[in-house]
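**Student:** What shape does this take:
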Amino acid sequence: MQGPTVAGRPMTPPGPSGRGVRSRAALLAQGLAAGLAIAWAAPSFAQAVPPAAEAAQPPDAGVTKPYDPWQGVNRSAFALGMSLDRHVVGPIAHGYVRVTPSPVRDRIGDLVYNLGEPGTVINDVFQGRMGRAGTASSRFVINSTIGVLGLFDVAAGFGLAAHDADFGQTLGRYGAQPGPYMYIPVVGPLDLRDGVGRIVDLFTDPVSIFTGGVTTAFGATRSGLSALDRRASGDGAFKALDDATDPYATTRSAYMQHREFLVQSASGATAVLPDFDAAPAKP
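**Tutor:** So this is what the prediction gives:
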């Protein structure tokens, strides 16, 4: 789900001190990005299914067993990820919310989302959904101009609704199966298909290519702001996990249902999503 166009390069190469300033800025931005990246995916997945709904589900009623062959390792990784969120990422996100007014956070959210629109366009085209590609293209042009580099979602007011598309979804549209479920600290929940998709998205993102990639100060800052915005907006989902009978299973179920929904929407299918996990039986 980047970056407004970068100003022209200096006519002459910067001196040693200029390079040092830019290097320090890049390192600071990269550090922020690394510290917040754990929140990249989990909020939207955790919101997909309320923990209460899972707890109310009978143990064997309509359950599709998830393909989680590495569950032992995954649970350990999940515990580590949640610990990092509890002690590092969460406090940073909470501090950001406390010191940043809601209208400013909204502008940041619109900005980082707008930077992801070109990637959405590419995957819409890969999926053969030219109408949606046109919508995403129009949104990017309108919001990058009238919307002041994406700070305001003006396109929504014109009836151009936002939508998401990624290469994992594209693979699913053409029949690729999810593969084994994984949880990776700093990355979050994913399956094999979406892991491949994320790598492809990383290297084909037009904004990243145009601005020099994630190793630049701009790229690292963009990644950090994106992760920060997602973690802050998904704070309620993280709090909901505290009340879940099995937070790991809840996150896994929510992630799998969320991804299944995206693949179905790319395929034009509408169906009731399966419940991928049952609540553990109470003694």
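**Student:** ok, Thr221 to Ile108 distance?
**Tutor:** Look at Thr221 and Ile108: by C-beta to C-beta, to the nearest Å, they are 11 Å apart. (Glycine included, C-beta is placed from N, CA and C.)
**Student:** And for Ile92?
**Tutor:** Counting by C-beta to C-beta - Ile92 and Ile108 are separated by 14 Å.
**Student:** try Leu151
**Tutor:** In terms of C-beta to C-beta, Leu151 sits 8 Å off from Ile108.
**Student:** What of Phe167?
**Tutor:** Counting by C-beta to C-beta, the gap from Phe167 to Ile108 is 25 Å.
**Student:** Check which helix or strand Met182 maps to.
**Tutor:** strand 181-184 (DSSP states H and E).
**Student:** next one: Tyr67
**Tutor:** Tyr67 belongs to no helix or strand, assigned by DSSP H and E.
**Student:** Give me the phi and psi angles of it.
**Tutor:** phi -90, psi 100 (degrees, to the nearest 10).
**Student:** Wait, it touches Arg193, no?
**Tutor:** No: taking contacts as C-beta atoms under 8 Å, Tyr67 lies outside contact range of Arg193: 11.2 Å.
**Student:** what about the two, which has more around it?
**Tutor:** Comparing Tyr67 with Arg193 by other C-beta atoms under 10 Å, the one with more neighbours is Arg193, at 21 against 14.
**Student:** The more buried one and Glu260, how far apart?
**Tutor:** From Arg193 to Glu260 the distance is 11 Å (C-beta to C-beta).
**Student:** Phe167 and Ile108 - which one has more neighbours?
**Tutor:** Phe167 (23 against 18).
**Student:** Need the per-residue pLDDT for Val21.
**Tutor:** Listed pLDDT for Val21 reads 37.
**Student:** Near Arg239, how many other residues are there?
**Tutor:** No Arg there; residue 239 is Lys. Residues near Lys239, counting by other C-beta under 10 Å: 11.
**Student:** And the strand or helix carrying it, how far out from the chain middle?
**Tutor:** Element membership for Lys239 (DSSP H and E) is helix 235-241. For helix 235-241, the gap between its own C-alpha mean and the chain's C-alpha mean amounts to 16 Å (C-alpha atoms, centre = their mean, to the nearest Å).
**Student:** Then stretch 205-218?
**Tutor:** 17 Å.
**Student:** Can you give me the end-to-end span of that stretch?
**Tutor:** 14 Å (C-alpha to C-alpha, to the nearest Å).
**Student:** Leu190 falls within a strand, correct?
**Tutor:** Yes: checked against DSSP: H, G, I helix; E, B strand; the rest coil, Leu190 lies within a strand.
**Student:** Now do the closest residue to it other than its chain neighbours, the pLDDT please.
**Tutor:** Counting by C-beta to C-beta, 6 or more residues apart in numbering, Leu190 lies nearest to Met182, which is 5.8 Å off, once chain neighbours are set aside. pLDDT for Met182: 96.
**Student:** The one 5 residues further on too?
**Tutor:** We note a pLDDT of 87 for Val187 in this prediction.
**Student:** and the gap between it and Leu241?
**Tutor:** Relative to Leu241, and taking C-beta to C-beta, Val187 is found at 17 Å.
**Student:** picking that back up, okay, now the sheet partners of the strand holding Met182, with direction.
**Tutor:** Partner strands for strand 181-184, per DSSP bridges, with pairing direction: strand 188-191 (antiparallel).
**Student:** going on from the partner strand, what's the next piece of helix or strand?
**Tutor:** Next along from strand 188-191, by DSSP H and E: helix 192-204.
**Student:** After that following helix, which helix or strand is next?
**Tutor:** Following helix 192-204 in sequence, per DSSP H and E, is helix 206-211.
**Student:** Figure out how far stretch 232-251 is from the centre of its chain.
**Tutor:** Using C-alpha atoms, centre = their mean, the offset of stretch 232-251 from its chain centre is 16 Å.
**Student:** That stretch: end-to-end distance?
**Tutor:** End to end - C-alpha to C-alpha - stretch 232-251 spans 17 Å.
**Student:** what does the helix or strand Ser144 falls within rub up against?
**Tutor:** Here Ser144 sits within helix 130-145, counting by DSSP H and E. Residues from elsewhere that reach helix 130-145, judged by C-beta atoms under 8 Å, 6 or more residues apart in numbering: 4, 110, 114, 117-118, 120-121, 124-125, 150, 152-155, 158, 160-163, 165.
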